[in-house]
Structure formats: C-alpha cells, structure tokens
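Novice: sequence plus predicted model, see below.
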Amino acid sequence: MPGLDVRGLTVRFGPTTAVDDVDLVVPAGSVTAVLGPSGSGKSTLLRAVAGLEVPTAGTIAYDGRDLAGTPTHRRGFALMFQDGQLFSHQSVGRNVAYPLRLRRRPRAEVAARTAELLDLVGLAGYADRMPSTLSGGERQRVALARALAVEPRLLLLDEPLSALDRELRERLAGDLHDILRTAGTTALLVTHDHEEAFAIADRMVVMRAGEVVQHGTLDEVWRRPADPWAARFLGYAAVLTGAAAVRLRTLVAPEARWEAVALRRSALRVDAAGPLTGTVVSARISPDQVRLELEVEGLGRLEGVSSPGEAVQVGQRVRLSVVGDRLAALPKPD
C-alpha cells in the first residue's frame, strides 16, 4: 500500500555523514521501528522525513508525492518526542485540543474529538487536570493524544518512552501498540531499545553508522540476524563461530552448513539427558526460571536456564540440552 517511500537518502553535516544512502518503506497502516545505537543516524533519518533536516541526496515521498521543498507543517505528519513537550500552563484537554484550535475547527468538534482521544489513550475524565499533576506515563499519553488529534497521515515518534522507568516503559509500549492499531495510524518509531521496538512495531529497520543493516518484519529480523553485531544488538546473548559453532551444529542440525550461530539466553537448558556438559559459574533466580552463567565444554562461557524447582549450585557440573528454536543461524563470517 502507498505510504512513506525513502530512496537513497543521505544527510551530511560538513564532513560527517549521518545518514548514508538509506532506503526505507513504511506502508500505510503499518508501524515501523528504526532501531540502532546512539550515533547510528536514526534520529537524523526521522528529522529528515519530518522536514527538519535538508537531505544532501535522495528522495522522500508520501503516497507517491515527492516532499522536496514541502515544509514540515504542510507534510501532514505529527511528531512526538521523548519529553512530550506539553504546555505546562494549559490543561490536559487544552493541550490535546491545541492543534485543532490552530486549524479553527468548530468548538463542538474540538470538544468531541478531545474527549474521543482522551478515551482512546486511557485518560477519560482527565481533561481538566494540569500536566504537573500527572505521572510521566500519563503525560506521554496526553502527548500521544495531541499528536493524533488531526489524524496525521504519518506519526513520527522519537524515543517516546526513553525517559520512563523500565516497568512503566514496558507497560506503555504495549498500550501504544494497541492505540496505534485502534487509530489505524501509520507510524515511524525511532528507538535504541529492541524490546520497545518488538512491543510496538510490526516492521523493523536496524541501523548502524548511518546505514541500514537489516530490514523486514519483526519475525524476519529476529529469526535471521544479518550479522553477529545485529544479533547481539537485537538481544541474542552470545554468538558462536568456528569450531564451537560446528560442534553445536552437529547436535541440533547436522545436515546444515552454517558456521556461525546466535544463542538466546534460554538456548541451553539443564537436562540430565542432555548431550553437553558445563559448570555453573553463577545462578540468579527469576520468577519463571533460574538464569545461569555456564562454562560449557567445547563452547566456552554461555548463558542458560533451569527450572525454578531444580537445585543448581555454583560450581556444580550439569548436563545441558539445546533448544533448537532458541538459535539463529548467521551468514558465514567474513
């Protein structure tokens, strides 16, 4: 479906190339996350799409129309930043209604739309509250409602949850996923947090040093990391290459030919009948499992798990099985 189409985008600041020949497609109705570490160029990419940075080369189009020369306020996009940027002297309702008042919408329409949006973001009845009385998560919900007020054809989110604590960020990420789908909003999310990206988006672009390393659906990117760096950045606990990778391959996929593999933290599990042997270096209890650090014979220092009721002690030698769907084969190392 038509939507955002970025081709060959390059943005330079003097001798520094912040975005380097990037292609990006965000189909209408989808939510795409651009994931990368600090300095990867993801925020510069978003600012260029918004019209806040002038591209050095390349094109940015929406619904087939080139946006070169189109100012930010005429692109039909909305932006939401990590601090929300609410007007502290105005009520929640007036903050949400602000873009509607700018467009001189009828008063009754403004009131109805404001109430609708506050209900959508879970803040019905908050219209008369002041931003200073809200929690951080509530303020971000108000900012989201304001961004959605005029039904933007593209919502741009720049690290919208990074200022919140971990527990609140996880909860609000799930809510943001549901809100965007309910509203039918096309969105481009920039984040450095892979868990946030997986919770909110349905497509992902991974950036490094101004370039796109990998892109696709969440499942495609997660199950087939482009390289060891991408695997670790996406949350895989370890990468094996060479003899260690071949040894593991003979256990789980002897017919395969991969020479590098990424392992999730739960790829190795304590199992009395398992084919591997390891020594427990550390053990940490979590609600659903015991997280282990292991010195595994032939593979080296790796993470693993055991069941909460299973007695495992530091220094103990244990047998380990391999959980095949917790592995991701990687392209052959250069």
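Specialist: Perfect, I can see it now.

Novice: in the stretch 151-300 of the chain, mark out all the strands, start to finish.
Specialist: If DSSP state E, counting those that start in this stretch is used as the criterion, the strands of the stretch 151-300 of the chain fall at 154-158, 187-191, 203-208, 211-217, 238-241, 260-263, 268-270, 276-285, 290-296, 300-306.

Novice: tell me which of these lies nearest to residue 329.
Specialist: Among these, strand 260-263 comes nearest to residue 329, with 5.6 Å by Cβ to Cβ. Heads up, the C-betas are built off the backbone N, CA and C, glycines and all.

Novice: list the strands paired with the closest one, with their directions.
Specialist: In the sheet containing strand 260-263, the strands it pairs with under DSSP bridges are strand 238-241 (antiparallel), strand 327-329 (antiparallel).

Novice: now do the helix or strand containing residue 140: which elements does it pack against?
Specialist: Secondary-structure assignment from DSSP states H and E places residue 140 in helix 136-148. The criterion is 3 or more Cβ pairs under 8 Å, 6 or more residues apart in numbering; DSSP states H and E, and the helices and strands that helix 136-148 contacts are strand 77-81, helix 92-102, helix 107-120, helix 166-183.

Novice: just the CA trace of that helix, in CSV.
Specialist: Below are the C-alpha coordinates for helix 136-148, written out as CSV (Å, rounded to 0.1, in the frame of the first residue of the first chain):
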residue,chain,number,x,y,z
GLY,A,136,5.4,10.5,33.3
GLY,A,137,3.4,7.8,31.6
GLU,A,138,0.2,9.9,31.7
ARG,A,139,2.0,12.9,30.2
GLN,A,140,3.2,10.8,27.4
ARG,A,141,-0.4,9.6,26.8
VAL,A,142,-1.5,13.2,26.6
ALA,A,143,1.3,13.9,24.1
LEU,A,144,0.2,11.0,22.0
ALA,A,145,-3.4,12.1,22.1
ARG,A,146,-2.4,15.6,20.9
ALA,A,147,-0.2,14.1,18.1
LEU,A,148,-3.2,12.1,16.9
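
Novice: centre-most residue in the protein?
Specialist: Residue closest to the average C-alpha location in the chain (Cα atoms, centre = their mean): residue 197, at 1.6 Å.

Novice: what ranges of the chain fall below the confidence cut-off?
Specialist: Counting by pLDDT under 70, the low-confidence segments of the chain come to 1, 83-84, 333-334.

Novice: what domains does the record give for it?
Specialist: Here the chain is described, according to automatic domain parsing, as comprising the domains 3-232, 233-329.
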